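# Sequence first, predicted model second:
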Protein chains: 2
Amino acid sequence: MNALLLHIQKFVSLISEEEQIVLSYFETEKFKKKEVLLREGQICDKQYFIINGCIRFYINNAKGVEQTMQFGIENWWITDYLSFQYQTPTRFNIQAIENIEVLSIDRKSFDELLERVPKLEKYFRLVIQKSFGASQVRIAYLFTMSAEERFNHMNNMFPEFIQRVPQYMVASYLDFSPEFMSKIRAGKI
Amino acid sequence: MNALLLHIQKFVSLISEEEQIVLSYFETEKFKKKEVLLREGQICDKQYFIINGCIRFYINNAKGVEQTMQFGIENWWITDYLSFQYQTPTRFNIQAIENIEVLSIDRKSFDELLERVPKLEKYFRLVIQKSFGASQVRIAYLFTMSAEERFNHMNNMFPEFIQRVPQYMVASYLDFSPEFMSKIRAGKI
């Protein structure tokens, strides 16, 4: 549980009593590699904080191909914010791509927790702001960098990550063409 | 100024003293159609709340073409959250596409305002959550709907908007091909 408290402390200071309240609201869940945490059409009633492992957020595109939009690793939050907020069916899927351990909180508990520990409003504002900013930058990269630049950039920023995640998911996330993937496989990049 | 207070009241209740503090932190700014509020390479030191008019958030893509990523109209907030938060140069541009009136707040004042009126943490968390969710859904549409479906969907949801914004910006936002644009212009859609 400490990973979450450590992460919160990077943004806001909690007193010991508040820490105990926070811990009481979360449930530890484990999922095996390939298990689905959220499926298109369901209500996304949970937010997940990743303790261990890697998760992806994807959509089934018009051709039925899975398009990865976001990855989450240790210390990241993941959810469909619109579905969570408005309790409407999600268009997205969340899947474990390794055996994972997460802390989860449902919508009702989340609202109650924020009532009881209002300092967390700031924490979640900053977390969402960062996620939103990162998603804008990802789109910026898609529009402004060549496939090779995107690959090299990700490899420089997150070298371990490229090893960790199946190649076809990285390719989908970085919007690589099959031609570019063949070059990588052939060691030409 | 009332538009902002009315918008805040949809999410959190302020007492009259807090309302006065909020108002004291914002500056009214006017920009003419086509004026640029933020240019690629600058630090995005402001958040804007739109009182009147329409704004777009765009990027110059690898071919030097302007790619519209987001529109903002009355009662929307617009900023580059990463640049604002970390005071790093932005990759984006913000431009008035009508004569506009906005309320602006810089980073230092924003932090100070949230210290003085902590209730606003919740307001901004919910606003950002909604913007992030909307941006995820826009990407979902790009992957799952045909150009015609995207056009019809936007036309149904925001009929006035399609009239208001130059067609080439809508085309860029909805990622239309030149062929599809010709069909629209010829009245075939």
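Sure, I can see it.

# which residues of chain A fall in strands?
Taking DSSP state E as the test, the strands found in chain A are A:27-31, A:36-38, A:46-52, A:55-60, A:66-72, A:77-78, A:93-96, A:100-106.

# Show me what the first one is packed against.
Looking back up the chat, that one is strand A:27-31. The contact analysis (3 or more CB pairs under 8 Å, 6 or more residues apart in numbering or on different chains; DSSP states H and E) places strand A:27-31 against strand A:100-106. (Glycine included, C-beta is placed from N, CA and C.)

# Export the strands of chain A as a markdown table, with columns for distance to A:Tyr141, mean pLDDT and mean neighbour count.
What follows is the strands of chain A, written out as a markdown table (distance: least, CB to CB, whole Å; pLDDT from 0 to 100; neighbours: other CB atoms under 10 Å in any protein chain shown):
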| stretch | distance to A:Tyr141 | mean pLDDT | mean neighbour count |
| --- | --- | --- | --- |
| strand A:27-31 | 29 | 97 | 13 |
| strand A:36-38 | 25 | 97 | 19 |
| strand A:46-52 | 23 | 97 | 20 |
| strand A:55-60 | 17 | 94 | 21 |
| strand A:66-72 | 13 | 90 | 19 |
| strand A:77-78 | 20 | 96 | 20 |
| strand A:93-96 | 22 | 97 | 22 |
| strand A:100-106 | 26 | 98 | 20 |
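
# just so I know, which of those strands lies nearest B:Glu115?
strand A:77-78 (24.1 Å; CB to CB).

# Do any residues in that closest one lie close to chain B?
No. Contact of strand A:77-78 with chain B is not found when judged by CB under 8 Å from any CB of the partner chain; the minimum separation is 11.3 Å.

# Residues of chain A that sit close to chain B?
A:59-62, A:67, A:69, A:80-83, A:85, A:91-92, A:114, A:118, A:121-122, A:124-126, A:128-137, A:139-140, A:143-146.

# In ChimeraX, how would I select just the buried ones from those residues?
Selecting only the buried entries of the residues of chain A next to chain B in ChimeraX, with 16 or more other CB atoms under 10 Å in any protein chain shown as the criterion:
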select /A:59,60,67,69,80,81,82,83,85,91,92,114,121,122,124,125,126,128,129,130,131,132,133,135,136,137,139,140,143,144,145
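
# Check what pLDDT A:Gln20 gets.
With respect to pLDDT, A:Gln20 has a value of 96.

# how close does it sit to chain B?
22 Å (CB to the nearest CB, to the nearest Å).

# and the strands of chain A as CSV, adding distance to B:Glu17?
Shown next, in CSV, are the strands of chain A (distance: least, CB to CB, whole Å):
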stretch, distance to B:Glu17
strand A:27-31, 40
strand A:36-38, 43
strand A:46-52, 33
strand A:55-60, 42
strand A:66-72, 41
strand A:77-78, 34
strand A:93-96, 43
strand A:100-106, 33
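
# Right, I'll leave it there.
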